[in-house]
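Participant: Just need the structure, nothing else, for what follows:
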Amino acid sequence: MNKDHVKGTAEKVKGKANEVAGKVTGNKSQELKGDLQQGAGEARKKMGDVKDAARKASDDDLDETRE
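Facilitator: Alright, predicted model coming up:
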């Protein structure tokens, strides 16, 4: 887990809160903002996954060269 996972999750939570608040108040703009925040949060989490995979591949390559 890296900072992108944490920040992505936080963004998704904020987005869900905005989406629900928008639905409750009938504010379509706020609801849409929440949907967009959730999408951005998910994208950030995916970026964290890619970074983790790259780091692991790099570590694996180093381990192979050491052997």
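Participant: okay, CA-based contacts and neighbour counts for the rest of this
Facilitator: OK.
Participant: if I read this right, Lys45 contacts Met1, doesn't it?
Facilitator: No - if you go by CA atoms under 8 Å, Lys45 and Met1 don't touch, sitting 9.5 Å apart.
Participant: The two: which has the busier surroundings?
Facilitator: Neighbours were counted for Lys45 and for Met1 using other CA atoms under 10 Å; Lys45 has more, 24 against 10.
Participant: Tell me who's in contact with the more buried one.
Facilitator: Asp4, His5, Val6, Lys7, Gly8, Thr9 (CA atoms under 8 Å, 6 or more residues apart in numbering).
Participant: any chance of the residues you listed in TSV, plus pLDDT and neighbour count?
Facilitator: Below are the contacts of Lys45 laid out as TSV (pLDDT from 0 to 100; neighbours: other CA atoms under 10 Å):
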residue	pLDDT	neighbour count
Asp4	94	20
His5	93	20
Val6	95	15
Lys7	96	16
Gly8	96	23
Thr9	95	18
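Participant: what's the most distant pair in those?
Facilitator: Asp4 and Thr9 (8.3 Å; CA to CA).
Participant: neighbours around Gly26, how many?
Facilitator: Count around Gly26 with other CA under 10 Å applied: 11.
Participant: That one and Thr9: what is the separation?
Facilitator: Note on Gly26: its distance to Thr9, by CA to CA, to the nearest Å, is 25 Å.
Participant: How about Gly48?
Facilitator: According to CA to CA, Gly48 stands 11 Å off from Thr9.
Participant: Tell me the buried residues in the helix ranked longest in the chain?
Facilitator: Secondary structure assigned by DSSP state H gives helix 28-66 as the longest helix of the chain. Within helix 28-66, the residues that count as buried by 16 or more other CA atoms under 10 Å are 30-45, 47-49, 52.
Participant: how far is that helix from where the chain is centred?
Facilitator: 6 Å (CA atoms, centre = their mean, to the nearest Å).
Participant: and if you look at stretch 10-23?
Facilitator: How far stretch 10-23 lies from its chain's middle: 14 Å, per CA atoms, centre = their mean.
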